[in-house]
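S.K.: Predicted model and sequence follow; I will ask about them next.
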Amino acid sequence: MSLKTKIGIIICDRYRRCAGGKCFRSLKNKEGAFSIYTDTEPELVGYTSCDGCPGGNIEYCGEEMVKNGAEVIHLATGLVVGYPPCPYIKDFKAFLEKRFGVKVVIGTHPIPKKYLEMHTNLGTWQNPEWKQIIEPTMADEAIRENYN
Ligand code: SF4
């Protein structure tokens with residue numbers, strides 16, 4: 001990777017009023033899904049929502065982010081921790097990667113402790129596919145508590 005890696009973030013429209021605090025903090029601290037940037041500095045070039053189910057903005061904003069240089073698009077942790085999690089996560093990732101040749105990472109900030117507890121109670125993430133999806137944002141217990 002180069003010294004800087006341009007990234008875009010797409011959030012779940014259910015959290016469209018979110019001011020982005022957890023995403024921006026974890027981006028700065030390289031925590032959660034941003035921990036992959038060990039030898040490069042991520043630079044944010046786009047931030048928007050999917051525009052509501054079933055994600056009509058994915059096509060448009062993906063194109064704009066890539067035009068603006070995005071090399072990686074992060075689907076925000078809200079898509080994973082929402083009740084229920086976004087049913088289109090895999091479709092968004094496959095579409096963006098195939099259509100624009102951009103890398104897509106599922107997740108941004110670490111999963112907050114309270115969400116992990118609730119989804120554990122609900123059994124949301126029990127199957128191997130979900131275990132793989134949440135893996136980049138699991139972090140450790142202290143960090144999850146810190147993002148509660
Ligand atoms: S659940 Fe998925 S499609 Fe629906 S608003 Fe959230 S990110 Fe968009």
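M.R.: Right, received. Where do you want to start? Residues are numbered from 1 along each chain as shown.
S.K.: Do a quick rundown of the helices in this structure.
M.R.: 21-29, 57-67, 77-81, 89-100, 113-122, 128-134, 141-146 (DSSP state H).
S.K.: Tabulate those in TSV, adding columns for distance to residue 37.
M.R.: Placement of C-beta: from N, CA and C, glycine included. Shown next, in TSV, are these (distance: least, Cβ to Cβ, whole Å):
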stretch	distance to residue 37
helix 21-29	9
helix 57-67	17
helix 77-81	16
helix 89-100	19
helix 113-122	23
helix 128-134	19
helix 141-146	16
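S.K.: Of the ones you listed, which stretch is the most buried?
M.R.: Greatest average neighbour count among those goes to helix 77-81 (a mean of 26), per mean count of other Cβ atoms under 10 Å.
S.K.: which helices and strands sit right next to it?
M.R.: helix 89-100 (3 or more Cβ pairs under 8 Å, 6 or more residues apart in numbering; DSSP states H and E).
S.K.: Would you mind measuring from residue 122 to the ligand?
M.R.: 16 Å (Cβ to the nearest ligand atom, to the nearest Å).
S.K.: Which pLDDT value does the model give the residue lying closest to that residue once chain neighbours are set aside?
M.R.: Of all residues not flanking residue 122 in the chain, residue 83 sits nearest, at 8.0 Å (Cβ to Cβ, 6 or more residues apart in numbering). pLDDT recorded at residue 83 is 95.
S.K.: Residue numbers of this protein in contact with the ligand?
M.R.: 12-14, 50, 52-55, 79, 82, 86, 88 (Cβ under 6 Å from any ligand atom).
S.K.: Show the backbone phi and psi for the residue nearest to residue 122.
M.R.: Torsion angles at residue 83 (phi, psi; degrees, to the nearest 10) stand at phi -110, psi 100.
S.K.: go on, the one 4 residues further on?
M.R.: With angles defined as degrees, to the nearest 10, residue 87 shows backbone torsions of phi -80, psi -10.
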